[in-house]
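K.L.:
Sequence and predicted structure, then a few things I'm wondering about:
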Amino acid sequence: MMEHQHENMAHTTHSMDSITQILLSAPFIIGLLLYITAVIFSKRQNKAWPIYRTVLWTAGSVLCFITVVNPLASIAHQNFTMHMFGHLLLGMLGPLFMVLAAPMTLLLRTLPTRYAKKVTAVLRSPIFHFLSNPVVPAVLNIGGLWLLYTTGLYSMMETIMWVHVLVHLHVFLAGYFFAATLLYIDPIPYRYSYIYRSLVLILALAGHKILSKVIYAYPPEGVPRAEAEAGGMLMYYGGDAVDIVIIIILCYQWYQSKRTREVRYPVTG
């Protein structure tokens, strides 16, 4: 009788895990298919699309996909260090690659003019005006991580399916909007200066680094100290690697904008 109950519980848990993985992986599969479809339509309209952008979108989608399905999803559920590895892929590297793939630019050039204007109108809406301020995604991104790892939310995420799904979606979306509002790869109606975006980036990096040290010293609820220490170090140094890429791109864009201004408005003696 007891064995039968254990089998039912194991079956229920497996079913919930499968549903969770389907809910989390579906957006990335659909997004990849839509992106490739848009590339095909763009080519049919004699509008070449850079191959490297398609590669970036594919790579970003795959990185995010593998974090929410087995085997990594199950391993991350049991091991905090692997959970943190998945966090770096889902919340930092994967979204960065997808931002660099310029999906909104591809969408606007693929859609008929009347629909492209509607999309542009949505981008000019108050909600996108609010989200375009890099402070907002930074707070949602870094603040969300502080909430996750310094409260009971992490243990809830590991036991309650809808919390697990919402947390993972938040991690991805916050990471995506954070990178998008710093780098301006796609057209953004409301733009902020390089100095302002750089200051936001510096503060966000500080918040991320401090949190990694807090995790190292004070493990989240239910996490063994050894795993918390390894996870904190991975968050610290792995985050550095992704942040360096963002810094390089932002500095390059800043340099290019200054060169453009110098060409347009040369200084005369």
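P.N.:
Yes, it's here. Residues are numbered from 1 along each chain as shown.

K.L.:
okay, CA-based contacts and neighbour counts for the rest of this
P.N.:
OK.

K.L.:
Quick check: closest non-adjacent residue to residue 139.
P.N.:
Nearest non-adjacent residue to residue 139, counting by C-alpha to C-alpha, 6 or more residues apart in numbering: residue 204, 8.0 Å away.

K.L.:
Measure how far the helix or strand containing that neighbour is from the centre of its chain, please.
P.N.:
When secondary structure is defined using DSSP states H and E, the element that contains residue 204 is helix 194-217. The offset between the C-alpha centroid of helix 194-217 and the centroid of the whole chain comes to 16 Å, using C-alpha atoms, centre = their mean, to the nearest Å.

K.L.:
next one: stretch 239-246
P.N.:
Counting by C-alpha atoms, centre = their mean, stretch 239-246 comes out at 13 Å from the chain centroid.

K.L.:
Show me which residues of that stretch are buried.
P.N.:
Counting neighbours by 16 or more other C-alpha atoms under 10 Å, one finds that the buried residues in stretch 239-246 are 239, 243, 246.

K.L.:
what's next to it, contact-wise?
P.N.:
Under the contact criterion C-alpha atoms under 8 Å, 6 or more residues apart in numbering, stretch 239-246 has outside partners 88, 92, 93, 179, 183, 205, 208.

K.L.:
Apply 10 Å and report the result again.
P.N.:
Residues outside stretch 239-246 that contact it (C-alpha atoms under 10 Å, 6 or more residues apart in numbering): 87-89, 92-93, 96, 179, 182-183, 201-202, 205, 208-209, 212, 233-235, 237, 249-252.

K.L.:
Grab the CA positions of that stretch and hand them over as PDB.
P.N.:
Taking C-alpha atoms only, stretch 239-246 is exported to PDB below (Å, rounded to 0.1, in the frame of the first residue of the first chain):
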ATOM      1  CA  GLY A 239      28.400  37.500 -13.900                       C
ATOM      2  CA  ASP A 240      31.700  39.400 -14.400                       C
ATOM      3  CA  ALA A 241      32.200  37.600 -17.700                       C
ATOM      4  CA  VAL A 242      28.800  38.500 -19.100                       C
ATOM      5  CA  ASP A 243      29.100  42.100 -17.700                       C
ATOM      6  CA  ILE A 244      32.400  42.600 -19.500                       C
ATOM      7  CA  VAL A 245      30.700  41.900 -22.800                       C
ATOM      8  CA  ILE A 246      28.000  44.500 -22.000                       C
END
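
K.L.:
just the helices in the stretch 51-200 of the chain please.
P.N.:
51-68, 72-78, 80-88, 94-100, 103-110, 113-123, 126-131, 135-138, 144-150, 153-159, 161-183, 194-217 (DSSP state H, counting those that start in this stretch).

K.L.:
Highest mean neighbour count out of these?
P.N.:
Taking mean count of other C-alpha atoms under 10 Å as the contact definition, the stretch among the helices of the stretch 51-200 of the chain with the greatest mean neighbour count is helix 94-100, which reaches a mean of 25.
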